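Asks: got a sequence here, can you model it:
(one chain, ligands or ions: 1)
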Amino acid sequence: MIVLASASPRRQELLRQIGVPHQVAPADIDETPVANENPSEYVVRMAETKARVVAAQLDAVTTVLAADTSVILDGCILGKPENPEHHRVMLQQLSGNTQQVLSAIAVVSGSRCDIQVVMTHVTFRQLDDGLISRYLACGEGDDKAGGYGIQGKGAVLVASIHGSYSNVVGLPLAETALLLEQHGISYWQS
Ligand SMILES: Cc1cn([C@H]2C[C@H](O)[C@@H](COP(=O)(O)OP(=O)(O)OP(=O)(O)O)O2)c(=O)[nH]c1=O
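Replies: The predicted structure follows:
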């Protein structure tokens, strides 16, 4: 049994998909980027901090997994939508362009911490204002990095992806399985 340091229902579902029994203990941390931090440094710091904060509350033998997913456009982190207008601008920026979805996964067991970063390229189709309005109204993108969810209605916005699909949803599964295995945790347990 591992602990998943995440409030994300997507991550719980993805971990269940590969048969890793887990309990959930969300990490409440400050997710504000610091000055001059590049996107890769940011996701690594977020994932590591989430894992370490939760591990510090547990015994030293429990393995903790955490992740952070960010959407990067032209080198800038888009974050989650702050309000409907911000959300609309975000989708207008993504329209017709290729973004990078960057996730860091961190696995902590006692004093050992391993981190991996995974990148997926996602290309959006051209989105007209009517389509953006309809997507905003459905609400599915409100709590998600980049303001959309590829696993739901947001799939209609995506023309193509290059790289790991599960990484876009929030947890790159091939890399997660390998990292957990290195910590003695098996996948496909159920
Ligand atoms: C781009 C994209 C993001 N997302 C989600 C995955 C993450 O849940 C979220 C990115 O925010 P995160 O800060 O990585 O995660 P979170 O706040 O949801 O949960 P926690 O920090 O407790 O682990 O966006 C999708 O579900 N589908 C997508 O297509």
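Asks: and for the closest residue in space to residue 52 that isn't next to it in sequence, the neighbour number?
Replies: Counting by C-beta to C-beta, 6 or more residues apart in numbering, residue 108 is the residue found nearest to residue 52 once chain neighbours are left out, at 6.0 Å. Bear in mind the C-beta positions are built from the backbone N, C-alpha and C, glycine included. Residues near residue 108, counting by other C-beta atoms under 10 Å, number 27.
Asks: where's residue 108 relative to the ligand, distance?
Replies: Plainly put, residue 108 is 14 Å away from the ligand if you go by C-beta to the nearest ligand atom, to the nearest Å.
Asks: now that residue: which helix or strand?
Replies: strand 98-109 (DSSP states H and E).
Asks: buried residues in that strand?
Replies: Using 16 or more other C-beta atoms under 10 Å as the test for burial, strand 98-109 gives 99-109.
Asks: need those in a markdown table (columns: pLDDT).
Replies: Converted to a markdown table, the buried residues of strand 98-109 look like this (pLDDT from 0 to 100):
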| residue | pLDDT |
| --- | --- |
| 99 | 98 |
| 100 | 98 |
| 101 | 98 |
| 102 | 98 |
| 103 | 98 |
| 104 | 98 |
| 105 | 98 |
| 106 | 98 |
| 107 | 98 |
| 108 | 98 |
| 109 | 97 |
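Asks: OK, contacts around residue 116?
Replies: Residues in contact with residue 116 (C-beta atoms under 8 Å, 6 or more residues apart in numbering) are 104-105, 172, 175, 179.
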